[in-house]
Structures are given as structure tokens and as C-alpha cells.
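A.B. asks: requesting a structural model of the entry that follows:
(one chain, ligands or ions: 1)
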Amino acid sequence: MHFTEQERETLYKVIFNRRDVRREFLPDPIPEAVIQRLLKAAHHAPSVGFMQPWDFIVITQSDTRRRIKEGFETANRESADLFDGERKTKYQSLKLEGIMEAPLGICITCDRQRTGNVVLGKTIKPEMDLFSAVCAAQNLWLAARAENLGMGWVSILHDDVLYEALGIPEHLEIIGYFCIGYVSEFQPSPELEKYGWQSRRDISQAIHYEKWSNTEKDQ
Ligand SMILES: Cc1cc2c(cc1C)N(C[C@H](O)[C@H](O)[C@H](O)COP(=O)(O)O)c1[nH]c(=O)[nH]c(=O)c1N2
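C.D. replies: The predicted model follows:
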């Protein structure tokens, strides 16, 4: 298959207009066919040794989401305490999840034993199964954006909250919890940039030719 220039432009548009969404969620229901398309896109992510170590837990019940939200509140208080002074005040002013507002939650797990102990491509770097499951998360994120759905990653959560609330078997690792829903708008830039927490690095600082090189600004 050969992609046209227009199709290519669309892909880049999706990439550059994807956002981590926390505050713009609408309660509008997501059609089941759309949810299935998102999950199929996630399931078609690359994976080490074609291990496909992920599972997707689909959460719509507000009772379940409330338990997760309570877990977030605990973890968020602990997290705020790790920052000092002005930074702490700023942290506390940020909105870092949309668990109750987004009608859909998806938890991605990773079964590290899915295809046995020795896996092609994972023999030297054992963490490659986890990386593969993160690729599924990114596919989900981009597919959601293409469907005009916002998605937010919530990692300010202790794993035991998700194990308990979602009945996840102990042998699975938790990759992440994601809030998904239609949105009032997509912000043009990251929320953390807009609120002065962190700005985007200049791309020239991220690219190194032939050898890693320290740029002046990075030191
Ligand atoms: C692994 C991981 C974990 C988290 C995130 C991202 C990733 C990749 N991000 C979202 C993060 O803040 C966001 O991606 C950046 O700020 C850049 O913004 P955009 O995603 O471009 O909008 C995120 N955001 C948030 O509000 N609460 C969270 O717990 C997390 N956790």
C-alpha cells in the first residue's frame, strides 16, 4: 500500500494534535463500534517476538471509576508532598486526571509470561515486553485522536488500587489507566506547558548526529 500526500498529512495532523486530556471531557456516550476500533488499533501495536503481552480492561461503571478516583486522590496528595514551595502550590493547581468526567476508562496490562521464558528480542533486554505494551497505549492514543476522542494517561495511582478495583490477576503488570471521552475542545499545546509547569524542548536539543553531543542549553 502506498499512502498519498493527503493521507500522510492526516497522520501528522493526528500526531501533532493529540493531547493528554484531563479537563475537557464530555459525558457523551462512545458508540461500541468506536470502542472496538480503538481496541483493535491498540491490539495491532508492534510487540517483541510478536508476544502481544497486553490485555485491555474496559471500564464504564461509575462505581468502579469512583474507587479509582479515590485512589488517585490519595496518590496525588502523596505526590504533591514531594514538591516544595511554589512548585507544590502549582502542582496542586493542576488537573491531572479526568476519571469521573470521561465515560470510558481503559486499563492496559502486560502478561510478562505470555509466550514463555525465552522470547525472541527480549533475551538481552527483559523489559521489552513492557515497552511493547506501551506501544499499544500509543496506538490507542492516536486512534482515539483520529476518532475525535480525548485520552488522558493517569499514572498517579498505586497499582494495588487497580488490582483490587478491576480484579486483575497478580501475575499481570499494570501499564496504565486511561480516561477516554469526547471533548469540548482539544488544546493546541500541552496542559503542562500552558500552565507553566514544563515547556517543550527545542527539537535541536533532542537530535544528535553520529554521537551524543551536549548542547549548551542542556548543561
Ligand atoms: C507514561 C505517561 C504517564 C503520564 C502521562 C504521560 C505519559 C506518557 N501524562 C501526560 C503528560 O503530562 C503529557 O503527555 C505531557 O504533558 C505532554 O502533553 P500532551 O500529551 O502532548 O498533551 C499524565 N498526565 C496527567 O495529567 N496525569 C498523569 O498521571 C500522567 N501520566
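A.B. asks: specify the beta-bridge partners of Phe25.
C.D. replies: Beta bridges link Phe25 to Val183, judged by DSSP bridges.
A.B. asks: gap between it and the ligand?
C.D. replies: Relative to the ligand, Phe25 is positioned 12 Å away (Cβ to the nearest ligand atom, to the nearest Å). All C-beta atoms are positioned from the backbone trio N, CA, C, and that covers glycine.
A.B. asks: ok, the closest residue to Pro29 other than its chain neighbours - contacts?
C.D. replies: For Pro29, ignoring the flanking residues on the chain, the nearest one in space by Cβ to Cβ, 6 or more residues apart in numbering is Pro103 at 6.0 Å. Residues in contact with Pro103 (Cβ atoms under 8 Å, 6 or more residues apart in numbering) are 25, 27-30, 60, 180-181.
A.B. asks: how about 7 Å then?
C.D. replies: Contacts were defined as Cβ atoms under 7 Å, 6 or more residues apart in numbering; by that measure Pro103 touches 27, 29-30, 60, 181.
A.B. asks: helix/strand/coil for the closest residue to His171 other than its chain neighbours?
C.D. replies: Spatially, and ignoring its direct neighbours in sequence, His171 is nearest to Gln113 (6.6 Å; Cβ to Cβ, 6+ apart). At Gln113 the chain is in coil, as set by DSSP: H, G, I helix; E, B strand; the rest coil.
A.B. asks: need phi/psi at Gln113.
C.D. replies: Here is the backbone geometry of Gln113 (degrees, to the nearest 10): phi -110, psi 10.
A.B. asks: ok, now Cys110?
C.D. replies: Torsion angles, degrees, to the nearest 10, at Cys110: phi -130, psi 120.
A.B. asks: tell me the spacing between it and Leu162.
C.D. replies: 13 Å (Cβ to Cβ, to the nearest Å).
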